[in-house]
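Novice: okay, structure incoming, though there's no sequence with it:
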């Protein structure tokens with residue numbers, strides 16, 4: 001899915017919901033007429049420590065919760081940023097997740113759902129990166145990048161992907177899904193989160209941080 005397709009919807013071929021709701025879609029949060037269900041976060045505003053209480057309730061392991069807290073501390077308190085390009089950027093994480101799905105003979109890869117989920121998350125990540133996924137101290141790092149054309153998923157890694165997963169539920173329009181639809185989305189996002197947790201020692205390395213430039 002191209003980051004230029006701001007007005008397009010990303011179809012999720014959810015097998016369990018086809019009969020009841022064949023129009024289940026993951027919608028990019030960039031349509032002009034979209035009204036967010038909660039207050040829009042100002043660019044650079046500190047990300048709250050806990051944004052897990054949204055429409056999609058993902059289970060973050062204690063280790064991932066701890067890492068999210070440390071991530072905030074590194075940036076907000078200790079004034080560090082993440083190195084770019086990341087050793088393992090989001091595209092690498094997505095690719096290795098799909099490979100993992102293949103090795104485990106996942107039905108979701110076979111029916112296209114895993115690919116659709118990755119495409120949807122990639123679109124959210126790139127479109128909402130500067131507004132939603134950065135602390136104030138990180139804005140200078142991306143100042144020279146074009147917000148509408150840069151593929152941030154090729155520059156940044158799993159730390160920012162985790163930040164996205166903490167808030168993905170409130171980014172998706174509540175008008176687009178039934179409760180069943182949100183439940184299906186939650187199931188598929190959880191599989192990706194569990195994969196990240198499985199390989200957290202590879203993707204989430206404290207050495208990924210460097211001091212902010214004065």
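Specialist: Now that the structure is in, tell me what you want to look at. Given the structure is predicted, the values throughout are model-derived calculations rather than measurements. Residues are numbered from 1 along each chain as shown.
Novice: what about stretch 136-145, how long is it end to end?
Specialist: End-to-end distance for stretch 136-145, by C-alpha to C-alpha, to the nearest Å: 16 Å.
Novice: residue contacts, residue 102?
Specialist: residue 109 (C-beta atoms under 8 Å, 6 or more residues apart in numbering). Where C-beta positions appear, they are placed from N, C-alpha and C, glycine not excepted.
Novice: next structured bit after the helix or strand where it lies?
Specialist: Using DSSP states H and E, residue 102 sits within helix 90-103. Using DSSP H and E, the helix or strand that follows helix 90-103 in sequence is helix 107-110.
Novice: what is that following helix packed up against?
Specialist: helix 90-103, helix 113-132 (3 or more C-beta pairs under 8 Å, 6 or more residues apart in numbering; DSSP states H and E).
Novice: just put the ones you listed in CSV and tack on distance to residue 181 and mean pLDDT.
Specialist: As requested, the helices and strands packed on helix 107-110 are arranged in CSV below (distance: least, C-beta to C-beta, whole Å; pLDDT from 0 to 100):
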stretch, distance to residue 181, mean pLDDT
helix 90-103, 21, 96
helix 113-132, 13, 92
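Novice: quick one, which of these is nearest to residue 76?
Specialist: helix 113-132 (16.0 Å; C-beta to C-beta).
Novice: what comes up buried for that closest one?
Specialist: 113-130, 132 (16 or more other C-beta atoms under 10 Å).
Novice: report the angle between the helix holding residue 102 and helix 113-132.
Specialist: Going by axes from the mean of the first three to the mean of the last three C-alpha atoms, to 10 degrees, helix 90-103 is angled at 160 degrees with respect to helix 113-132.
Novice: buried set for helix 90-103?
Specialist: 90, 91, 92, 93, 94, 97, 98, 100, 101.
Novice: phi first, then psi, for the spatially closest residue to residue 197 that is not a sequence neighbour.
Specialist: In space, and not counting its chain neighbours, residue 197 is closest to residue 61: 4.9 Å by C-beta to C-beta, 6 or more residues apart in numbering. The phi/psi pair for residue 61 (degrees, to the nearest 10) reads phi -60, psi 160.
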